[in-house]
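**Student:** Please work out how this folds:
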Amino acid sequence: MATKGNTALRKGIPSTKDAFVVIVKTEWNAHIVNKLEAGAKKSLKEQAATYKVITVPGAFEIPFAIKAYQANATQKADAFIALGTVIRGDTPHFDYVCKAVTDGVVSLNMQLDVPTIFGVLTVDTEQQAMERIGGIHGHKGEEAAITALKMITLNQSFRK
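**Tutor:** A predicted model of the protein is given here:
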């Protein structure tokens, strides 16, 4: 069972006014993902961070978009946030997609010199997703953005 969110996460959010975050979100389950995105944007704006949003078809495509962006973009990201929602269905497709996007984000965190934050909901039901976009389990979009800001600060501290 999930906890009701990381209540300590909002403590000590660093000032990151020069931070640039790229949010990569999916088209699938847009009614949920758009709320994740809104929460992430809200938290980034509160800390004066700038951002760009890239939309991909599904969760499987998130890692490719992140890697391609960082390799080719003029303005490099200080962090990435992967946003999506994968809801269990009647076939093993759920398991394959969840594993692929999870492994992809882990791989990006090992390859890139900036963090990729996992903001992909992997849930059994739509109700569980709703509980994670402002319901009893907090707002995972907001939490992903705060985590990105904290990781940017941590990453920058290693370069000093």
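**Student:** Just give me the neighbour total for residue 33.
**Tutor:** 24 (other CB atoms under 10 Å). In short, each C-beta sits where N, CA and C put it, glycine included.
**Student:** er, residue 128 actually
**Tutor:** Using other CB under 10 Å, residue 128 has 17 other residues around it.
**Student:** For the closest residue to it other than its chain neighbours, give me phi and psi.
**Tutor:** Distance criterion CB to CB, 6 or more residues apart in numbering; nearest residue to residue 128, sequence neighbours excluded, is residue 121 at 7.7 Å. Dihedral angles of residue 121 (phi, psi; degrees, to the nearest 10) stand at phi -80, psi 130.
**Student:** correct me, but residue 121 touches residue 135?
**Tutor:** No. Look at residue 121 against residue 135 with CB atoms under 8 Å: they stay out of range, at 11.6 Å.
**Student:** Find the residues that touch each one of those two.
**Tutor:** By CB atoms under 8 Å, 6 or more residues apart in numbering, residue 121 and residue 135 have no common neighbours.
**Student:** quick one: which of the two has more around it?
**Tutor:** The residue with more neighbours, out of residue 121 and residue 135, is residue 121; 24 against 14, by other CB under 10 Å.
**Student:** That one pairs with what?
**Tutor:** residue 85 (DSSP bridges).
**Student:** quick one: contacts for it?
**Tutor:** 32, 36, 84-86, 128-129, 132, 140.
**Student:** okay, the nearest residue to residue 139 once chain neighbours are set aside: pLDDT?
**Tutor:** Closest residue in space to residue 139, ignoring its immediate chain neighbours: residue 39 at 4.5 Å, by CB to CB, 6+ apart. Looking at residue 39, its pLDDT stands at 98.
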